[in-house]
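Undergrad: Sharing a sequence plus its predicted fold:
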Amino acid sequence: MQRIPTGRRLALVLTLIVAIAVAALAATVAFAGGGPGGPPDKLVIAYQPGIGYAPLIVIKDQRWIEKRYPGTQVEWKVLASGAAITDGVIKGDIHVGAGGVGPLLVGWARGVDWKYIAPLNEGDLWLMAKDPSIRTIEDLRGKRIAMPSPTSIQAMVLRKMAQVKLGDARALDRGIISMDHPDAMQALLTGQIDAHLTSPPFQFQEKIRGAHVVAKSYSYFGAHSFLGAMVTQKFYDEHTAFSRALYQDVQRAMDMIAKNPDKVAKILQQDAGGTPTNRQFKQWIVNPALKYTTRPRGLVRFAAFMNRIGVINRMPSSWRDLVFPPVYPTKGS
Amino acid sequence: MQSSSSPALPASLSQPVRRPRVVGWGRLPAWLRFSLLLAGLIGIWQAYVTIKSPDQLLFASPRDVGEAFVNGWRDGALASATWTTVKVLAVGIGIGAGIAVVLTVFATLTKLGDDLLTLLTSILNPLPGVAVLPLALLWFGLNTNALLFVIANATIWPIAINITTGFRTVNPTIVSVGRNIGLSTRRLVTDVLVPAALPHTISGLKTAWAFGWRTIIAAELVFGLSGADGGLGFFINNAKLYLQIPQVFAGLVTIAALGVVFETLFGVIERRTVVRWGMKTVPTTK
């Protein structure tokens, strides 16, 4: 019988383990390659469903980035949740990620080196219910409430509501169901969930289709920023001129929304694939529940609340810690 | 005949292949060998983190994971997540096993039942458990019933297949002996057929547990039900949302550890029954 001597077998096993470890190391080194300076050759911009992202949709439709930087290949992605966008930015697959104040602060506090290059809007987020017996926050105990994720801005709003009305910020956490807005709207209207903490235009649509407003985020936080476009410090440092231009584009898109809502409504309708109607989109973008502005508002207020209830463990010293220099002149909060 | 002490051969070759007595890897007890290997792997993991210091948002060191694991069990978050998962899994497998037994009895008694079972297993057994989750969510809504349905579906078929095979492969001689000594049909079933089919039944349950375990974790990951009622899959997902990477790893460690515990449990059951009765041999770990 031929047996490999024990000592040599042990050596063999150890060699194998070391080989695997070396291969793993080599693989990570190979994937860690960085990009050069100047405008990026390839740019991936990701946003989520909803008219809050209208300025980005205008930029996409008008091809402003491609016109200014013909050498840059731009790819637009619509992802269902802020968490997916966070993952993409951390991994480097997404360069410009748009999302709510919740993921921005959770990521920032955990060491994701990102900030808003351009806040997109202030938004009043409504807590909707269909069952007529659900009238107040108190009625929501033990109920199922949908929102994009437990780290979304909606989840922070819900916790604030629970803290004010029920005395415990986590009182309604058990009921949080992670769902993207389109799915949650369907689930609310068919009675699969009890409430939906949502955003424009889903709250408008739900109201038309028989749901009612239980509470609004502005009553708890005052008028506050809702969404923004984020890039990492590394991206900003490498492509500063490009980032500044992106901020200008967002501002320009907002001017267009203000001056020519008909045209923007048409763009949004085309982007959405033709439904709902043009008029519907126009009504939505001029609704005061959503105000397109690059001025950040209430970022520190959100951070303080999230810090108090233990969602984040560090505080920005000012709102400027959360935005890049192009946003500084807006005098935010 | 050649003497082993022949001066023509160098000393090292003249001796029989030497088996080291003290430091021989194979001579160490199994638990020590595996502990050493595990320690070695963790050492490489720690070394990788120390040398390369990868992005903490992507990778965690064994130290951080250990801390997250201990804290998670201490503050009850991991314990309650584990309890939720195991509870749902147990009920799901229970339902699955119950239905499997009914189907098998029906299949053993009638040709129609036999054909039905053959057809159903060939259609539904290859279906990955999570594949029916979207449908289950529509039918049962966003609650535990949907999970139970998915697990039951994932476990019925391996159990049913194995029990039927068990019944079919019972040694006819044994059955004949039972008949000859005048056993009633009932006793023939309970005292001859069922024990004879036990090795297959146990391996059916083992497969069912493996399927169910993978299915429930996957389903919880997709499912997204939140709050204190979430299981281990949810725990991992939630930790990832908050970018708490050590907690993600701690959840994975818990899943792996539970897997080992259950495998061991099945091993013990087998050793106590079918192995002791000489119906199955277990390859001893060398």
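TA: Here it is on my side, so go on.
Undergrad: Next up, the contacts around the closest residue to A:Arg295 other than its chain neighbours.
TA: Closest residue in space to A:Arg295, ignoring its immediate chain neighbours: A:Thr330 at 3.9 Å, by CB to CB, 6 or more residues apart in numbering or on different chains. C-beta here means a position set from N, CA and C on the backbone, and glycine is covered the same way. Applying CB atoms under 8 Å, 6 or more residues apart in numbering or on different chains, one finds that A:Thr330 lies in contact with A:Pro119, A:Thr293, A:Thr294, A:Arg295, A:Pro296.
Undergrad: ok, and the most crowded of these?
TA: By neighbour count, taken as other CB atoms under 10 Å in any protein chain shown, the most surrounded of the contacts of A:Thr330 turns out to be A:Pro119 (29 neighbours).
Undergrad: Mind checking which of the contacts of A:Thr330 are in strands?
TA: Among the contacts of A:Thr330, the subset assigned to strands under DSSP state E consists of A:Pro119.
Undergrad: Neighbours of A:Gly82, how many?
TA: Using other CB under 10 Å as the criterion, the residues surrounding A:Gly82 number 30.
Undergrad: need the residues of the stretch 51-200 of chain B near chain A, please.
TA: Contacts of the stretch 51-200 of chain B with chain A, taken as CB under 8 Å from any CB of the partner chain, map to B:Lys52, B:Pro54, B:Asp55, B:Gln56, B:Leu57, B:Leu58, B:Gly141, B:Leu142.
Undergrad: Tally up the residues packed near B:Gln244, please.
TA: For B:Gln244, the tally of surrounding residues (other CB under 10 Å) stands at 18.
Undergrad: tell me the phi and psi of it?
TA: Dihedral angles of B:Gln244 (phi, psi; degrees, to the nearest 10) stand at phi -100, psi 80.
Undergrad: And the residue nearest the centre of chain B?
TA: B:Ala210 (4.1 Å; CA atoms, centre = their mean).
Undergrad: any idea what that residue is structurally, helix, strand or coil?
TA: Applying DSSP: H, G, I helix; E, B strand; the rest coil to B:Ala210 yields a three-state assignment of helix.
Undergrad: what's the distance between B:Thr110 and B:Leu117?
TA: To B:Leu117, B:Thr110 is 10 Å away according to CB to CB, to the nearest Å.
Undergrad: residue in the stretch 1-150 of chain A nearest to chain B?
TA: Nearest residue of the stretch 1-150 of chain A to chain B: A:Arg110, at 4.0 Å (CB to the nearest CB).
Undergrad: can you tell me which residues contact that residue?
TA: A:Arg110 is in contact with A:Ile312, B:Leu57, B:Tyr242, B:Leu243, B:Gln244, counting by CB under 8 Å, 6+ apart.
Undergrad: and with 7 Å instead?
TA: Taking CB atoms under 7 Å, 6 or more residues apart in numbering or on different chains as the contact definition, A:Arg110 lies against B:Leu57, B:Leu243.
Undergrad: Now do the same for it: its pLDDT.
TA: At A:Arg110, the predicted lDDT confidence score is 91.
Undergrad: So the residue nearest to A:Arg295 versus chain B, what's the distance?
TA: Taking CB to the nearest CB, to the nearest Å as the measure, A:Thr330 falls 28 Å from chain B.
Undergrad: among the contacts of A:Thr330, which two are most distant?
TA: The most widely separated members of the contacts of A:Thr330, counting by CB to CB, are A:Thr293 and A:Pro296 (8.7 Å).
Undergrad: Which parts of the chain are helices?
TA: You didn't pick a chain, so chain A it is. Defined through DSSP state H, the helices belonging to chain A, from first to last, are A:6-31, A:54-62, A:64-68, A:82-91, A:101-109, A:153-166, A:181-189, A:202-208, A:218-221, A:233-238, A:240-259, A:261-271, A:278-286, A:299-308.
Undergrad: Oops, wrong one, chain B.
TA: If you assign secondary structure with DSSP H, the helices in chain B sit at B:11-14, B:30-52, B:62-74, B:77-109, B:111-124, B:133-140, B:144-168, B:172-180, B:185-187, B:194-196, B:198-223, B:232-241, B:245-270.
Undergrad: I figured B:Gly166 was touching B:Ile202, is that so?
TA: No - using CB atoms under 7 Å, B:Gly166 and B:Ile202 do not qualify as a contacting pair, with a distance of 9.3 Å.
Undergrad: hmm, back to that, columns mean pLDDT on top of the helices of chain B, output as JSON lines?
TA: Shown next, in JSON lines, are the helices of chain B (pLDDT from 0 to 100):
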{"stretch": "helix B:11-14", "mean pLDDT": "50"}
{"stretch": "helix B:30-52", "mean pLDDT": "91"}
{"stretch": "helix B:62-74", "mean pLDDT": "93"}
{"stretch": "helix B:77-109", "mean pLDDT": "91"}
{"stretch": "helix B:111-124", "mean pLDDT": "91"}
{"stretch": "helix B:133-140", "mean pLDDT": "84"}
{"stretch": "helix B:144-168", "mean pLDDT": "90"}
{"stretch": "helix B:172-180", "mean pLDDT": "88"}
{"stretch": "helix B:185-187", "mean pLDDT": "85"}
{"stretch": "helix B:194-196", "mean pLDDT": "85"}
{"stretch": "helix B:198-223", "mean pLDDT": "88"}
{"stretch": "helix B:232-241", "mean pLDDT": "88"}
{"stretch": "helix B:245-270", "mean pLDDT": "91"}
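Undergrad: Dump those to TSV, plus distance to A:Ala223.
TA: Formatted as TSV, those follow (distance: least, CB to CB, whole Å):
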stretch	distance to A:Ala223
helix B:11-14	87
helix B:30-52	45
helix B:62-74	38
helix B:77-109	36
helix B:111-124	55
helix B:133-140	37
helix B:144-168	40
helix B:172-180	82
helix B:185-187	78
helix B:194-196	72
helix B:198-223	35
helix B:232-241	27
helix B:245-270	35
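Undergrad: For A:Phe281, which of those helices is the nearest?
TA: A:Phe281 sits nearest to helix B:133-140 of all those, at 30.3 Å, using CB to CB.
Undergrad: Give the other helices and strands that the closest one contacts.
TA: helix B:144-168 (3 or more CB pairs under 7 Å, 6 or more residues apart in numbering or on different chains; DSSP states H and E).
Undergrad: to the chain's geometric centre, what's the distance from the helix it packs on?
TA: Helix B:144-168 has its C-alpha centroid displaced from the chain centroid by 15 Å (CA atoms, centre = their mean, to the nearest Å).
Undergrad: now the angle between helix B:198-223 and that helix, please.
TA: Comparing the axes of helix B:144-168 and helix B:198-223 via axes from the mean of the first three to the mean of the last three CA atoms, to 10 degrees yields an angle of 160 degrees.
Undergrad: Isn't A:Ala303 up against A:Leu105?
TA: Yes - under the criterion of CB under 7 Å, A:Ala303 makes contact with A:Leu105 at 5.5 Å.
Undergrad: any residues in contact with both of the two?
TA: Residues touching both A:Ala303 and A:Leu105 by CB under 7 Å, 6+ apart: A:Ile312.
Undergrad: circling back: model confidence score at the residue nearest to A:Arg295, please.
TA: Reading off the per-residue confidence, A:Thr330 sits at a pLDDT of 94.
Undergrad: One more: A:Thr6?
TA: Per-residue confidence at A:Thr6 stands at 59 (pLDDT).
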